[in-house]
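S.K.: What follows is a protein structure lacking sequence information:
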């Protein structure tokens, strides 16, 4: 997911996407622990996506104060 695409979304959409990505990352960690996850790089991608989303949310929260 690109930061440019994320900046076009509203705060509510970003929060929902963050929560969804966190749940997906949790499921992938469980699959990895059980040996069922085929693409382990999904864990790192999800972690970076969450970081991008939270960075944009912090930027918006800082500009509103």
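M.R.: All right, it came through fine. Keep in mind it's a predicted model, so treat the numbers as computed, not measured.
S.K.: Spatially central residue for the protein, please.
M.R.: Most central in the chain under CA atoms, centre = their mean is residue 50, positioned 2.7 Å from the mean C-alpha point.
S.K.: how close does that one get to residue 61?
M.R.: 16 Å (CB to CB, to the nearest Å). For glycine as for every other residue, the C-beta is placed from the backbone atoms N, C-alpha and C.
S.K.: quick one: buried residues of the one helix or strand the residue nearest to the centre of the chain maps to?
M.R.: Here residue 50 sits within helix 41-64, counting by DSSP states H and E. Neighbour counts over helix 41-64 (16 or more other CB atoms under 10 Å) mark 42, 46, 49, 50, 52, 53, 56 as buried.
S.K.: Give me the contacts around it.
M.R.: 1, 3, 6-7, 11, 14-15, 17-18, 21-22, 24-25, 28-29, 32, 37 (CB atoms under 8 Å, 6 or more residues apart in numbering).
S.K.: Got a PyMOL select line for the buried ones in those residues?
M.R.: Command for PyMOL that selects the buried part of the contacts of helix 41-64, burial taken from 16+ other CB under 10 Å:
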select buried, resi 6+14+17+18+21+25+28+37
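S.K.: Now, the contacts of helix 41-64 that are in strands?
M.R.: Judged by DSSP state E, the subset of the contacts of helix 41-64 located in strands is empty.
S.K.: Just the ones in helices from the contacts of helix 41-64, please.
M.R.: 3, 6-7, 11, 14-15, 17-18, 21-22, 24-25, 28-29, 32 (DSSP state H).
S.K.: Out of these, show me where the pLDDT dips lowest.
M.R.: The member of the ones in helices among the contacts of helix 41-64 with the lowest pLDDT is residue 3, at 87.
S.K.: which stretches of the chain aren't confidently modelled?
M.R.: 65 (pLDDT under 70).
S.K.: coming back round to it: the buried residues of helix 41-64: which two are farthest apart?
M.R.: Pairwise distances across those peak at 21.2 Å for 42 and 56 (criterion: CB to CB).
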